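S.K.: please find the sequence and the predicted model below.
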Amino acid sequence: MSSQLGVRVVVPIDVKKKPSEQKLPLHNRWHPAIPPVAEVRTDELFRVEMVDFSGGGITKEYTAEDVKFADNSIVHYLSGPIRVVDADGNLARPGDLLAVEICNLGPLPGDEWGFTAIFDRENGGGFLTDHFPCATKAIWYFEGIYAYSPHIPGVRFPGLTHPGIVGTAPSMELLNIWNEREKELEETGLQTLKLCEVLHSRPLANLPSTKGCVLGKIKEGSPEWEKIAREAARTIPGRENGGNCDIKNLSRGSKVYLPVFVDGANLSTGDMHFSQGDGEVAFCGAIEMSGFLELKCEIIRDGMKKYLTPMGPTRLHVNPIFEIGPVEPRFSEWLVFEGISVDESGRQHYLDASVAYKRAVLNAIDYLSRFGYSKEQVYLLLSCCPCEGRISGIVDSPNAVATLAIPIAIFDQDIRPKIGSVPTGPRLVRNNPGLPQCTYDGNLPITKNPSASI
């Protein structure tokens, strides 16, 4: 054990400053050549602070203009990379596992607010972008462990706070694998994937781009920057290195067992969430915030070979293991919505869990809109409240079955079906200013369910 008491801040953040003005440079791409900004030893308790994923681009103002015109080339701003060494000063090595324990976490003091948003369909969209194409935003305020929003009144819940992104740097070999397979998907996916007829988020993959690229200590415009920026992977999807997995249960006491692909592991983290529903369906859909993590690391030598089985053509085709911590909100009553793999037009799909989950979410939105909420309010809420998504059936042809469970206690009214009339809306209204929303100016068709409620 380290003899040092207290927590060492290895990456500090000043929320009053822009990402480019921080004491230590941030980055928003994955590449093995991005140099570490700090070093930690195993069993050392250290603190990493981070900006929200947009770097302050999305504000607490009651407008959705910042969402509609958000520059998505800059996401996600990450803190790190952090080089990890053992007690003797030896680097983590490729083939090791890096065990990262989350000892504490939360919003940065003085910045206790967050936002949930729907991107415009022409600028990122979301899981239901064909139903909800307009940029929309809700602001949340924190009262200790609880969150409430004036834009979605009558709802208050404890946050299951977690980092959306925790990952290690890829090797050059792994980076090339990512870029090749994602390029093929982007170039041929619309012609080869039936699923794209039902899920409308575009692009299919976000390929390397110099636009908005931030590479930490590497100076923009230098020959080194130009080369790396054309190769560096976007941080948007989760991959073999962990990354943007958005697992809402990775809160206090959790551990992540990450594969190590480069010397020192080069750990990075960011995209802090006060709360999130399973699936983060609105895409910008957790309660996004600035925040901090207090972490400890262990190095499991040769852990990849000992514990991970490659699922692909190379030894690099592995995935992290996650250990959920003991601290979670307790809910005893849930309302559960089912979806099957039949789309809004009535077309049958074969064991398609994505279509089934889409149906479950749409069913929940339509139901809750009967209780005084707009469908956009419910969409945002289901993306950020502690709801539970499940694949309940994946073998009974032709229908996959997915479910979405919503904790009843987060509402100030009883949302269960009952004899008598449906309540007309939430009892608690905190000076409701209306939901900030922009118009959709594109010409893509909007999906309508002909049998849904108005």
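M.R.: That came in fine, so what should we check first? Numbering: from 1, shown residues only.

S.K.: contacts, neighbours, all on C-alpha from now
M.R.: Will do.

S.K.: just the pLDDT at residue 5, thanks.
M.R.: We have a pLDDT of 68 for residue 5.

S.K.: scratch that, residue 358
M.R.: 96.

S.K.: residues near residue 109, how many?
M.R.: 10 (other CA atoms under 10 Å).

S.K.: just use 124 as the starting number from now, easier for me
M.R.: Done: numbering now begins at 124, and the last item shifts to residue 232.

S.K.: in a helix, it, correct?
M.R.: No: according to DSSP: H, G, I helix; E, B strand; the rest coil, residue 232 belongs to no helix; its state is coil.

S.K.: now for it: which residues touch it?
M.R.: Residue 232 sits next to no residue when contact means CA atoms under 8 Å, 6 or more residues apart in numbering.

S.K.: same question for residue 411.
M.R.: Per CA under 8 Å, 6+ apart, neighbours of residue 411: 175-176, 237-239, 394-397.

S.K.: residue 539: which of these is nearest?
M.R.: Among those, residue 239 lies closest to residue 539 (CA to CA), at 25.5 Å.

S.K.: what about residue 500, which helix or strand?
M.R.: Assigned by DSSP states H and E, residue 500 belongs to helix 498-507.

S.K.: before we move on, what about residue 489?
M.R.: Going by DSSP H and E, residue 489 is part of helix 476-491.

S.K.: for residue 242, what are phi and psi?
M.R.: Dihedral pair for residue 242: phi -70, psi 150, per degrees, to the nearest 10.

S.K.: these two touch, right, it and residue 407?
M.R.: Yes: the pair formed by residue 242 and residue 407 meets the contact definition of CA atoms under 8 Å, at 6.7 Å.

S.K.: who has more neighbours, the two?
M.R.: Ranked by neighbour count (other CA under 10 Å), residue 242 and residue 407 place residue 242 first, with 28 against 23.

S.K.: quick one: that one and residue 487, what's the gap?
M.R.: According to CA to CA, to the nearest Å, residue 242 and residue 487 sit 20 Å apart.

S.K.: what of residue 548?
M.R.: In terms of CA to CA, residue 548 sits 16 Å off from residue 487.

S.K.: do the same with residue 312
M.R.: 30 Å.

S.K.: more neighbours: which of those two?
M.R.: Taking residue 312 and residue 487 together and counting by other CA under 10 Å, residue 487 has the greater number of neighbours (24 against 16).

S.K.: overlap of the contact sets of residue 242 and residue 407?
M.R.: Common neighbours of residue 242 and residue 407 (CA under 8 Å, 6+ apart) are residue 249.

S.K.: residue 205: what secondary structure?
M.R.: strand.

S.K.: check residue 133 too.
M.R.: strand.

S.K.: and it, how many residues sit next to it?
M.R.: 18.

S.K.: how about residue 196?
M.R.: 17.

S.K.: what about it, distance to residue 246?
M.R.: For residue 196, the distance to residue 246 - CA to CA - is 10 Å.

S.K.: ditto for residue 522
M.R.: In terms of CA to CA, residue 522 sits 32 Å off from residue 246.

S.K.: tell me the confidence at residue 546?
M.R.: pLDDT, read off for residue 546, is 72.

S.K.: identify the residues contacting it.
M.R.: So residue 546 contacts 493-495, 536 (CA under 8 Å, 6+ apart).

S.K.: next: residue 205.
M.R.: With CA under 8 Å, 6+ apart, residue 205 has these contacts: 159-163, 387-391.

S.K.: if I pick residue 497, what's in contact with it?
M.R.: Contacts of residue 497 (CA under 8 Å, 6+ apart): none.

S.K.: pLDDT value on it, please?
M.R.: 93.

S.K.: please report phi then psi for it.
M.R.: phi -80, psi 160.

S.K.: read off the pLDDT value for residue 577.
M.R.: 54.

S.K.: residues near the closest residue to residue 252 other than its chain neighbours, how many?
M.R.: The shortest distance from residue 252 to any non-neighbouring residue, by CA to CA, 6 or more residues apart in numbering, is to residue 244 (5.8 Å). By other CA under 10 Å, the residues close to residue 244 number 25.

S.K.: again, but for residue 573
M.R.: The burial count for residue 573: 9, using other CA under 10 Å.

S.K.: now the strands for the stretch 424-573 of the chain?
M.R.: In the stretch 424-573 of the chain, the strands defined using DSSP state E, counting those that start in this stretch lie at 444-446, 457-463, 511-516, 524-530.

S.K.: spatially speaking, which residue is in the middle of this structure?
M.R.: residue 369 (3.8 Å; CA atoms, centre = their mean).

S.K.: that residue touches residue 288, doesn't it?
M.R.: Yes: taking CA under 8 Å as the definition, residue 369 is a contact partner of residue 288 at 6.6 Å.

S.K.: mind listing the residues bridging to the spatially closest residue to residue 360 that is not a sequence neighbour?
M.R.: Among residues not flanking residue 360 along the chain, residue 367 sits closest, at 5.5 Å (CA to CA, 6+ apart). Applying DSSP bridges to residue 367 gives these bridge partners: residue 288.

S.K.: try residue 260
M.R.: residue 240.

S.K.: what's the local residue count around it?
M.R.: Residues lying near residue 260 (other CA under 10 Å) number 32.

S.K.: touching, it and residue 507? I think so.
M.R.: No: the criterion here is CA under 8 Å, and residue 260 misses it with residue 507 at 12.0 Å.
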